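Novice: Let me see the structure of the following:
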Amino acid sequence: MESSQISKKIFIVNDDKFLLDMYTFKFKEKGFEVTQAFGSVDALRKLKGGIIPDVMLLDVVPPAMDSFELLALIKKEKLAPNAKAIVLSNLEQSFLAEKELALGANGYVIKASANPSEVMEKVMTVLDDGESFAEAD
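Specialist: Purely as a prediction, here's the structure:
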């Protein structure tokens, strides 16, 4: 890696260990510095502990809190003020994507219709040009 290249830091939050490890592997393969969090409680602990990601990939469901609540709390407490946020979900309702974007997410991806390579492309798009997107009908 050239010294002029700076690796991007991604914070992957998921409550499914298999998916967490799979996304971690994929992003490390592309040169990202990866920090994992297993669920929302772990995510908040790590953010309050000082990690500073460039982008967050959030996929969390209750019982503790879902991605909506986690993103709202991250924004309210300014835990990652400059980080881009992309939410992964299996919920396809368009109002959910609109809610995520209103909370400050830069993207909303429906897991069932996106493979890991497509998720990576969305992350790169958001990092490269700041474009926001929603994939929901």
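
Novice: Count the residues that sit near the residue nearest to residue 15 when sequence neighbours are not counted.
Specialist: Leaving aside its chain neighbours, residue 15 sits nearest to residue 39 (4.5 Å; criterion: Cβ to Cβ, 6 or more residues apart in numbering). (Each C-beta comes from the backbone N, C-alpha and C, glycine too.) A total of 19 residues lie near residue 39 under the criterion other Cβ atoms under 10 Å.

Novice: what bits of the chain have low per-residue confidence?
Specialist: 1-6, 91-102, 130-137 (pLDDT under 70).

Novice: residue boundaries of the strands in the chain?
Specialist: 9-14, 33-38, 55-59, 84-89, 107-110, 133-134 (DSSP state E).

Novice: tell me, what residue is most central in this structure?
Specialist: residue 57 (1.2 Å; Cα atoms, centre = their mean).

Novice: Would you agree it is in contact with residue 12?
Specialist: Yes. If you go by Cβ atoms under 8 Å, residue 57 and residue 12 touch, sitting 4.8 Å apart.

Novice: between these two, what contacts are shared?
Specialist: Common contacts of residue 57 and residue 12, defined by Cβ atoms under 8 Å, 6 or more residues apart in numbering, comprise residue 23.

Novice: show me the contacts for residue 103.
Specialist: 68, 71-72, 75.

Novice: do that again at 6 Å, thanks
Specialist: Contact analysis of residue 103 by Cβ atoms under 6 Å, 6 or more residues apart in numbering lists 71-72.
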